[in-house]
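Enquirer: below are the sequence and a predicted model for it; my questions follow.
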Amino acid sequence: MHKDKVIALCASVSHYKYLFDIQKELRLLGYTVIIPKIAYLMKRNNNFDVSFYKTWYRNKSDYKKKTQLMKAHFREILKSDAILVVNFEKNGVPGYIGGNVLMEMTLAFHYKKPIFIYHAISEELSLKEEIYGMQPVFIDEDLSKIKKKIH
């Protein structure tokens with residue numbers, strides 16, 4: 001078992017509904033799993049409508065909430081042994097990874113933490129050069145591939 005190993009999940013907010021099943025699977029493999037705090041709120045409210053939570057789209061002064069959410073998850077990434085990017089299709093782009101997740105990956109990369117990516121990314125993704133440059137491990141939905149890299 002890997003009880004001492006911590007994996008932080010990183011995903012576009014539109015993919016947060018998938019994090020709980022992945023967390024459950026990783027826990028069965030013996031990992032401690034960190035999910036962004038807002039995902040728990042979304043689950044509790046049974047409301048995964050992204051626009052409901054991203055109030056800064058309607059009120060620019062709410063960007064301070066975005067700042068707080070980013071800093072909070074950055075702290076969790078620093079406490080983790082690795083990150084798993086959970087990337088499903090978004091806006092017609094398979095394996096979507098956006099700017100915020102790229103920043104989380106950059107933090108993990110800088111601190112030499114393994115970066116795992118759940119699905120392959122689209123060759124159309126504008127950030128593909130930076131993503132590939134971080135040398136992530138694409139696991140193709142096979143969570144057991146993580147244990148080969150962190151033990």
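Expert: Great, that's in hand.
Enquirer: show me what the helix or strand bottoming out on mean pLDDT in the chain is packed up against.
Expert: Among the helices and strands of the chain, helix 50-53 carries the lowest confidence by mean pLDDT, DSSP states H and E, at a mean of 87. Here helix 50-53 touches helix 37-45, going by 3 or more Cβ pairs under 8 Å, 6 or more residues apart in numbering; DSSP states H and E. C-beta: built from backbone N, CA, C; applies to glycine.
Enquirer: dump the longest helix along the chain to CSV, keeping only the CA atoms.
Expert: For the chain, the longest helix by residue count, based on DSSP state H, is helix 63-79. Written as CSV, here are the backbone C-alpha positions of helix 63-79 (Å, rounded to 0.1, in the frame of the first residue of the first chain):
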residue,chain,number,x,y,z
TYR,A,63,-11.7,37.6,-8.9
LYS,A,64,-10.3,37.6,-5.4
LYS,A,65,-12.3,34.3,-4.9
LYS,A,66,-10.5,32.9,-8.0
THR,A,67,-7.2,34.0,-6.4
GLN,A,68,-8.0,32.3,-3.1
LEU,A,69,-9.1,29.1,-4.9
MET,A,70,-5.9,29.0,-7.0
LYS,A,71,-3.6,29.6,-3.9
ALA,A,72,-5.5,27.0,-1.9
HIS,A,73,-4.9,24.3,-4.5
PHE,A,74,-1.3,25.4,-5.1
ARG,A,75,-0.7,24.7,-1.4
GLU,A,76,-2.3,21.2,-1.8
ILE,A,77,0.0,20.5,-4.8
LEU,A,78,3.0,21.4,-2.7
LYS,A,79,1.9,18.9,-0.1
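Enquirer: what angle sits between that helix and helix 37-45?
Expert: Between helix 63-79 and helix 37-45, the angle comes out at 110 degrees (axes from the mean of the first three to the mean of the last three Cα atoms, to 10 degrees).
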